[in-house]
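Peer 1: sequence and computational prediction follow.
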Amino acid sequence: VALALVYFGARVVPWAYQTTAMLVFAYAVLFLPQAVGAIRASLLQVTPSVEEVSLLLGADRRTTFRRVLLPLLRPGLGAGAGLVFLTTMKELPATLLLSPTGFSTLATRVWNATSEGFLGRSAGPALALVLLSSVPMAVMLARNELRTSRPVAPNGDHSAAKAGDADPSQLSLTR
């Protein structure tokens, strides 16, 4: 992809070659499928009846999206953003080929220092790269663990309801 964009930028739109806009376009082409995959997986878990019920109760499509679908899609959006962030942090080939002169990322700093044999100078950016990559992953894992954890009853029953949960037989569709 990066080589195709180098050719495209140098031959077809030379004014865009080695600009930040071309680099952002390359990142979008490279990493949009990851984000779409995560969002699609989240969207496939939403049954159409949820949307239909909202529309039957009088909500328009915009309100249905904002109040019903978006909260259900939020985990997929977060996962997609996290995947793209983590992958972009370590991206090197497209960045080296398409970045403007003087533009550097942590990955390019590590690559430049190690290619010149200055391993000590590459340690700082490499550590920053590892920390910036691991902290969002740890946060996502912790949030997932909190979301999926359930209280355990004294008898060891894992299906114990949380305090304040309503009895399903007492629920009604009207308020």
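Peer 2: Yes, it's here.

Peer 1: where's the residue lying closest to residue 30 once chain neighbours are set aside relative to residue 97, distance?
Peer 2: Setting aside the residues directly before and after it, residue 30 is nearest to residue 1 in space (Cβ to Cβ, 6 or more residues apart in numbering), at 5.7 Å. In this view, the C-beta of every residue, glycine as well, is placed from N, C-alpha and C. As judged by Cβ to Cβ, to the nearest Å, residue 1 and residue 97 stand 10 Å apart.

Peer 1: same check on residue 89?
Peer 2: Relative to residue 97, and taking Cβ to Cβ, residue 89 is found at 18 Å.

Peer 1: can you get me a residue count around the residue nearest to residue 30?
Peer 2: Residues within reach of residue 1, counting by other Cβ atoms under 10 Å, total 13.

Peer 1: so who does it touch?
Peer 2: Shown in contact with residue 1 (Cβ atoms under 8 Å, 6 or more residues apart in numbering): 26, 29, 30, 94.

Peer 1: identify the farthest-apart pair in those residues.
Peer 2: Distances among those were taken as Cβ to Cβ; the most separated pair is 29 and 94, at 8.8 Å.

Peer 1: overlap in contacts of the two?
Peer 2: Taking Cβ under 8 Å, 6+ apart as the criterion, residue 29 and residue 94 both touch 1, 5.

Peer 1: OK, contacts around the spatially most central residue of the chain?
Peer 2: The geometric centre of the chain, computed from its C-alpha atoms, lies nearest to residue 81 (Cα atoms, centre = their mean), at 1.6 Å. By Cβ under 8 Å, 6+ apart, the contact set of residue 81 is residue 35.

Peer 1: give me the element it is part of.
Peer 2: Secondary-structure element containing residue 81, defined by DSSP states H and E: helix 70-90.

Peer 1: so what secondary structure elements neighbour the top helix by length along the chain?
Peer 2: Residue-count comparison of every helix in the chain, with assignments taken from DSSP state H, identifies helix 119-148 as the longest. Applying 3 or more Cβ pairs under 8 Å, 6 or more residues apart in numbering; DSSP states H and E, one finds that helix 119-148 makes contact with helix 70-90, helix 106-115.

Peer 1: how about CSV for those, with distance to residue 36 and mean pLDDT added?
Peer 2: Shown next, in CSV, are these (distance: least, Cβ to Cβ, whole Å; pLDDT from 0 to 100):
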stretch, distance to residue 36, mean pLDDT
helix 70-90, 7, 88
helix 106-115, 24, 88
